[in-house]
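J.: Here is the input, now give the coordinates:
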Amino acid sequence: MDNLITGSEDNIAHIDSPNFEFVRHDVSKFIKIEGDLDCVFHFASPASPPDYLKYPIQTLKVGSLGVHNTLGVAKAKNASFLLASTSEIYGDPEVHPQPETYWGNVNTVGPRGVYDEAKRFGEAMTMAYHRSHQLNAKIVRIFNTYGPRMRLNDGRAIPNFLIQALTGKDLTVYGDGSQTRSFCFVDDLVKGIFKLHLSDVHDPVNIGNPIEMSVREMAEKILQATGSKSKIVERPLPQDDPKVRRPDISRAKGLLDWEPEILLDHGLASTLDYFRKALNAENSDKQ
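T.: Sure, this is the predicted structure:
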């Protein structure tokens, strides 16, 4: 179920199964589903800064009304529930790396607050349903993730750098590029989320790659991977941009027996291959 505000049906075009059904709908509005449900995964939200800055009210609504609606469906169907939360819960952190016990440092009225606070509210609502209605609810805090099928204009670091490198444009870093991120390949993320879904853990769990690197280092990696001769140029640092980001995954290791396995070079190669093909297809459509 998706209103495709930032999604695309191209991502599910390959699925040919009688067990799969796509419903175009905004989960911020009333949801009606016939029949039984085993589980509800609430992953609906713009997640890239350019997206939630473009759609601030929709982001707040899907993280509040959307969470309430999907929790209501799970309760009515006696289904389990899993909320996709985010490392942005921690804001611009004063604790590093970030454990689930850290409450965060978030500017509630800053431009990024629409995403951060929507997710924080979603976590509170999920735990309220767990405590008040004994709903079998889980919360995953997703850290920076990358991989095939990301949009070419997604706006996050790796898609930006790949498109810029492949089209011969300068790679733009914000500030001096010394801010750090931890990049997890999507396959590892999915395995972690599924393990959480199958577990009896109800407290939030960080899922991400604890290997930390600067944004500038990632730009240099992509220049090397693509063989691009582009330069790295600096742009002003956006307000409240986190200076560091690295998950403490002790809880995922101990409770889920999970940790990422896919090396960055392998993940980047797979992502680069997808972006090359997608860029070629887009250019062919324009001709």
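
J.: separation between residue 38 and residue 256?
T.: Spatial separation of residue 38 from residue 256 under the definition C-beta to C-beta, to the nearest Å is 20 Å. Heads up, the C-betas are built off the backbone N, CA and C, glycines and all.

J.: Comparing the two, which shows the higher neighbour count?
T.: For residue 38 and residue 256, the more surrounded residue by other C-beta atoms under 10 Å is residue 256, and the numbers stand at 20 against 9.

J.: which residues are in contact with the strand or helix carrying residue 196?
T.: Counting by DSSP states H and E, the element that carries residue 196 is helix 186-198. With C-beta atoms under 8 Å, 6 or more residues apart in numbering as the test, helix 186-198 has contacts from 39, 41, 80, 82, 84, 138, 140, 142, 145-148, 205, 207-209, 252, 256-258, 260-262.

J.: Show me which positions of it end up buried.
T.: Residues of helix 186-198 classed as buried under the neighbour-count rule (16 or more other C-beta atoms under 10 Å) are 186, 187, 188, 189, 191, 192, 193, 195, 196, 197.

J.: do stretch 248-259 as well
T.: Residues of stretch 248-259 classed as buried: 248, 249, 251, 252, 256, 258 (neighbour count, 16+ other C-beta under 10 Å).

J.: Stretch 115-134 now?
T.: With burial defined by 16+ other C-beta under 10 Å, the residues of stretch 115-134 counted as buried are 115-120, 122-123, 125-127, 129-130.

J.: same thing with stretch 96-105?
T.: Neighbour count says stretch 96-105 has 97, 98, 100, 102, 104 buried, by 16+ other C-beta under 10 Å.

J.: tell me the strands in the stretch 101-250 of the chain, going along the chain?
T.: When assigned using DSSP state E, counting those that start in this stretch, the strands of the stretch 101-250 of the chain occupy the ranges 137-142, 145-146, 171-174, 180-182, 184-185, 205-207, 212-214, 232-235.

J.: Does anything pack onto the last one? Which helices or strands?
T.: Which is strand 232-235. On a contact count with 3 or more C-beta pairs under 8 Å, 6 or more residues apart in numbering; DSSP states H and E, strand 232-235 meets strand 171-174, helix 215-226.

J.: how distant is that strand from the center of its chain?
T.: In terms of C-alpha atoms, centre = their mean, to the nearest Å, the gap separating the centre of strand 232-235 from the centre of its chain is 25 Å.

J.: With stretch 244-251 instead?
T.: 15 Å.

J.: Same question for stretch 1-11.
T.: The chain centre lies 15 Å from the centre of stretch 1-11; the measure is C-alpha atoms, centre = their mean.

J.: May I have that stretch exported as PDB, CA atoms only?
T.: Output in PDB follows, covering the C-alpha atoms of stretch 1-11 (Å, rounded to 0.1, in the frame of the first residue of the first chain):
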ATOM      1  CA  MET A   1       0.000   0.000   0.000                       C
ATOM      2  CA  ASP A   2       1.600   3.200  -1.200                       C
ATOM      3  CA  ASN A   3       0.400   6.600  -2.500                       C
ATOM      4  CA  LEU A   4       3.700   6.800  -4.600                       C
ATOM      5  CA  ILE A   5       4.500  10.300  -3.300                       C
ATOM      6  CA  THR A   6       8.200   9.300  -3.400                       C
ATOM      7  CA  GLY A   7       7.800   5.700  -4.700                       C
ATOM      8  CA  SER A   8       7.500   4.000  -8.000                       C
ATOM      9  CA  GLU A   9       5.600   1.000  -9.300                       C
ATOM     10  CA  ASP A  10       8.700   0.200 -11.300                       C
ATOM     11  CA  ASN A  11      10.200  -1.200  -8.100                       C
END
